[in-house]
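Asker: Pasting a predicted model and its sequence here:
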Amino acid sequence: MKRELVKTWRQARRERRVRRKVRGVVERPRLAVSRSARNITAQIIDDDSGRTLCMVTTQSRELRPQLRYGGNVAAAKLVGKSLAEKAKQLGIVQVCFDRRGHRYHGRVKALAEAAREAGLKL
């Protein structure tokens, strides 16, 4: 069996395990974090209606000029802060955190802490 397939199967299994416990509703939508080697994306999702309420990525127009590289902790902090500000404008104060199978450390942890510092309750 190819190593790439095993890696994606394991990732998918971890995602399913996390998603079993985390579900976003209208009162408390889900904050889902996706990361790659070069970028990080965070979005707030209402699972009842299946809609993305707001989304911020290191590739977005408002953040791109402030970043030199999108795959580090500093970029994750900026994404978390920006997402919390957008959520506040929409009236969202509390979310449940979905790490999407990634470990809670490094960039994922930095994004979550920056969102908390900006006023979002995780």
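Answerer: Yep, it's here.
Asker: in the protein, which helix or strand is least confident?
Answerer: Every helix and strand in the chain was compared by mean pLDDT, DSSP states H and E; the lowest is helix 3-21, with a mean of 80.
Asker: Phi first, then psi, for residue 56.
Answerer: Main-chain dihedrals, residue 56, degrees, to the nearest 10: phi -140, psi 140.
Asker: What count of nearby residues applies to it?
Answerer: The tally of other residues near residue 56 (other CB atoms under 10 Å) stands at 24. Any C-beta I mention is one placed from the backbone N, CA and C, and that applies to glycine too.
Asker: Pairing partners for it in the sheet, please.
Answerer: residue 42 (DSSP bridges).
Asker: Was I right to think it contacts residue 77?
Answerer: No. Because the distance of 11.8 Å does not satisfy CB atoms under 8 Å, residue 56 is recorded as not touching residue 77.
Asker: which residues touch the residue most central in space within the chain?
Answerer: The centroid of the chain falls nearest to residue 33 when counting by CA atoms, centre = their mean (2.2 Å). Residues near residue 33 by CB atoms under 8 Å, 6 or more residues apart in numbering: 40-42, 97-100, 102, 108, 111-112.
Asker: Just give me the closest of these to residue 91.
Answerer: Of all the contacts of residue 33, residue 42 has the smallest distance to residue 91: 17.9 Å, by CB to CB.
Asker: For beta bridges, what are the partners of residue 52?
Answerer: Beta-bridge partners for residue 52, by DSSP bridges, are residue 45.
Asker: any idea how far it is from residue 91?
Answerer: According to CB to CB, to the nearest Å, residue 52 and residue 91 sit 16 Å apart.
Asker: In terms of neighbours, single out the busier of those two.
Answerer: residue 52 (12 against 7).
Asker: what does the least confident helix or strand of the chain contact?
Answerer: So helix 3-21 is contacted by 98-101 (CB under 8 Å, 6+ apart).
Asker: Columns secondary structure on top of those residues, output as JSON lines?
Answerer: Output for the contacts of helix 3-21, formatted as JSON lines (DSSP: H, G, I helix; E, B strand; the rest coil):
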{"residue": "98", "secondary structure": "strand"}
{"residue": "99", "secondary structure": "coil"}
{"residue": "100", "secondary structure": "coil"}
{"residue": "101", "secondary structure": "coil"}
